[in-house]
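Undergrad: give me coordinates for this.
(chains A and B)
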Amino acid sequence: MSEGHSTYTPKTGIGRWFDARMPLPRLVYDSFIAYPVPRNLNYMWTFGGILSIMLVSQILTGIVLAMHYVSDTSLAFGSVEKIMRDVNQGWLLRYMHSNGASFFFIAVYLHIFRGLYYGSYKAPRELLWILGCIIYLLMMATGFMGYVLPWGQMSFWGATVITGFFTAIPVVGNWIQELLLGGFAVDNPTLNRFFALHYLLPFMIAGVVVLHVWALHVVGQSNPTGIEVKSKTDTVAFTPYATIKDALGMVVFLLFFAYFIFYIPNYLGHPDNYIVADPLKTPAHIVPEWYFLPFYAILRAITFNIGPIDSKLGGVLAMFGAIAMLFLVPWLDTSKVRSAVYRPWYKLFFWLFVANAILLGWLGSRPAEGAYVLMAQMATLFYFAFFLVILPVLGLIETPRRLPNSITEAVLEKNKGGSGHPAGATASPETKG
Amino acid sequence: MKKILISLAAVSALFIGAAAYAEEAGKAGEASHEANPTHFPIHKPKEMSWSFAGPFGTYDKAQLQRGLKVYKEVCSACHSMKLVAFRTLSDLGYSEAQVKAFAAGYTVQDGPNDAGEMFERPGIASDHFPSPYPNDQAAAAANGGAVPPDMSLLAKARGVERGFPQFIIDIFTQYAENGPDYIHSLLTGYDEQPPAGMTIPEGTHYNPYFNAGVSLKMPKPISADQVTYDDGAPQTVEQYSEDVSAFLMWAAEPHLEDRKKTGFRVIVFLLLFSVLMYLTKRKVWSNIAH
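TA: Below you'll find the model as predicted:
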């Protein structure tokens, strides 16, 4: 598509007939067969494909689960257990769906970190990046509402805590919360609207994914060097080169996924969610799903009032601000060089950011007391400093390493040096990705 | 690749350092008051070796049958098990006739009949275990205000936090027996004596394995020789407790064997598939430097 007008003609008569009336064969051919991809993509670039199959898997298992699920507070918990016990292969569908959510997030986090490391968000890919951030936001909403549906203790109390955030907003806060809940507390109307929205949002995600892929096919993929494609030798055709690499990535990812589904299916969940929701009994520690933990830590790190903003509103602002940072990244990063490969200081700070994010996640799972509070505050400070100070300043003061002239040059240079093999001997696996 | 590894090493070192610091800081506050602990359970659950653990784990049918007997004769006096149907007891190795006879030993309420009245009849295989109390209020009233939890999912609804770094090791060892370990530790933990100076609220019983306080409303539920085993297994509290914990794991996760068996096939398939994919990928890319 980025190559301008398509010159593709279908080989069969039926294909040509169809193509003349609606160029779907051409679209598929141009997008998934002839589409040029940089030849130096590593396995971190396979997560786009992995995320697509995770979305499809979640939608398919979800639709079948919805056929057996009952969104009524007195029946929901039992209907999920009926799926686990009596529906044919119901346990598999349900574990695939609940672990699938986690693995969807694992893949999306790796995908986002990939983008941050290689500067994939830089011009002309800002919109592509923002569409990705919107998908991530929609995923968070979907994941949160999905966790409420089994109507366990953590479902109920998680929903109570998270919808409670909205009451911190001045003037309209209570109104928004009551609108979300369909009442004054989490109850049957809440469960019903969450179920409706949990069914709707994945299709909205699919819609934004189409836009995301569309934008990608206009600007083309970035690559580990961060240098734009300059000539035909810089790229290879999507099929077979990227398809086979993506397929390998997917199968390996599915291996990890299967390990969790079949051997430790409840590892990523909370035992309390196997206790039916009880509005009169608060669990000792209310924790959200693991993929929200870093943001939960940031929320609870604000334990002090800032001028007119009390700690509750401050926490909510910090949490939403933490997500908002992602949207601003294309303009916060002032560096002219995309890839961390050529930015020694950025590379260091990137890995510190990763460590900090993991630390925040762990702190989110701890009770907010003692040394944990201070640690969470320091980690929150670093989180924001990374985006608001390090990204803009580093781009101005850092001296990047020498960039190769083209992707081809980078590839040939890499294959010549280091591995000790002649340039042609590319079959050696240690030089790959 | 080397650089990625070095970076990863640095990342882990940082994380572990910070985590260790926090763990130490957490422990420092805890150790000082043995008589007034703030974190529960006081003792971590004992890790048992269960037949159903690991990638090839299966239920020990004789053990489940003994566990069912313990549940029926002891636990079921107070604890319901609403989600489990009699028909599923065939998993324990019982024949259809045995299941029918077992179900018929219970009286269940049914109705209304043609005259509009509720009536009682012997249980049939499709019935679920009847509950000992008509409702939660009655259960609470008979048990000093605490509702004895339903046991259908107990083995998945209990789990003591493993802490760092154990929770990471658990991924590789496939540790998923938090529930039965907890139940077994609790059942065998009643004989321990509280430390001097600890106050135990009236009407509760000290148990250092309880996950929500120093003591719980449930008294020691079982003692030696209370249930008669027909298969010669020792009639000790330890044995009763292990058997009923295993039985509750089955009650909570009846398809565990099926899951692990399917899992093995899936993993083998995916491994072979990934090898083929890798070789194909290598072939496709063999003439392209990248």
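Undergrad: farthest from the middle of chain A: give me that residue.
TA: A:G13 (41.9 Å; C-alpha atoms, centre = their mean).
Undergrad: any low-confidence regions in the chain?
TA: Went with chain A since none was named. A:1-5, A:417-433 (pLDDT under 70).
Undergrad: looking at chain B here, not the other one
TA: B:1-9, B:11-13, B:15-33.
Undergrad: what ranges do the helices span in it?
TA: B:2-31, B:61-73, B:96-104, B:136-142, B:154-157, B:166-173, B:178-187, B:237-252, B:256-285 (DSSP state H).
Undergrad: need those in CSV (columns: distance to chain A and mean neighbour count).
TA: No exception for glycine: its C-beta is placed from N, CA and C like everyone else's. What follows is the helices of chain B, written out as CSV (distance: least, C-beta to the nearest C-beta, whole Å; neighbours: other C-beta atoms under 10 Å in any protein chain shown):
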stretch, distance to chain A, mean neighbour count
helix B:2-31, 4, 13
helix B:61-73, 16, 20
helix B:96-104, 16, 15
helix B:136-142, 10, 14
helix B:154-157, 4, 24
helix B:166-173, 7, 12
helix B:178-187, 7, 24
helix B:237-252, 7, 25
helix B:256-285, 2, 16
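Undergrad: of all those helices, which lies closest to A:K336?
TA: Proximity to A:K336 (C-beta to C-beta) singles out helix B:2-31 among the helices of chain B, at 22.2 Å.
Undergrad: can you tell if stretch A:359-374 touches chain B?
TA: Yes: for stretch A:359-374, a contact with chain B is found by C-beta under 8 Å from any C-beta of the partner chain, at A:359, A:362-363, A:366, A:370-372.
Undergrad: which one of those is nearest B:M218?
TA: For these, the closest approach to B:M218 (C-beta to C-beta) belongs to A:R366, at 29.4 Å.
Undergrad: tell me the residues of the stretch 201-350 of chain A that contact chain B?
TA: Counting by C-beta under 8 Å from any C-beta, the residues of the stretch 201-350 of chain A that sit close to chain B are A:236, A:240-241, A:244-245, A:247-248, A:251-252, A:254-255, A:258-259, A:261-267, A:271-272, A:274-275, A:284, A:347.
Undergrad: which residue does chain A bring closest to chain B?
TA: A:F262 (2.5 Å; C-beta to the nearest C-beta).
Undergrad: that residue sits in which helix or strand?
TA: A:F262 belongs to helix A:243-263 when assigned by DSSP states H and E.
Undergrad: ok, the residue of chain A closest to chain B - contacts?
TA: B:259-260, B:262-264, B:266-267 (C-beta atoms under 8 Å, 6 or more residues apart in numbering or on different chains).
Undergrad: same check, this time on B:L271
TA: A:L255.
Undergrad: ditto for A:I14
TA: Counting by C-beta under 8 Å, 6+ apart, A:I14 has no contacts.
Undergrad: try A:D19
TA: Going by C-beta under 8 Å, 6+ apart, A:D19 touches A:9-10, A:25-26.
Undergrad: quick check: it vs A:L27, distance?
TA: Applying C-beta to C-beta, to the nearest Å, the value for A:D19 to A:L27 is 9 Å.
Undergrad: before we move on, what about A:A376?
TA: 48 Å.
Undergrad: with neighbour numbers in mind, choose between these two.
TA: Higher neighbour count among A:A376 and A:L27: A:A376, with 27 against 15, using other C-beta atoms under 10 Å in any protein chain shown.
Undergrad: which of the residues of stretch A:359-374 next to chain B are buried?
TA: Neighbour counting by 16 or more other C-beta atoms under 10 Å in any protein chain shown classes A:359, A:362-363, A:366, A:371-372 among the residues of stretch A:359-374 next to chain B as buried.
Undergrad: report whether the helix or strand containing A:Y95 contacts chain B.
TA: Assigned by DSSP H and E, A:Y95 falls within helix A:90-117. Yes: judged by C-beta under 8 Å from any C-beta, helix A:90-117 comes into contact with chain B at A:91-92, A:95.
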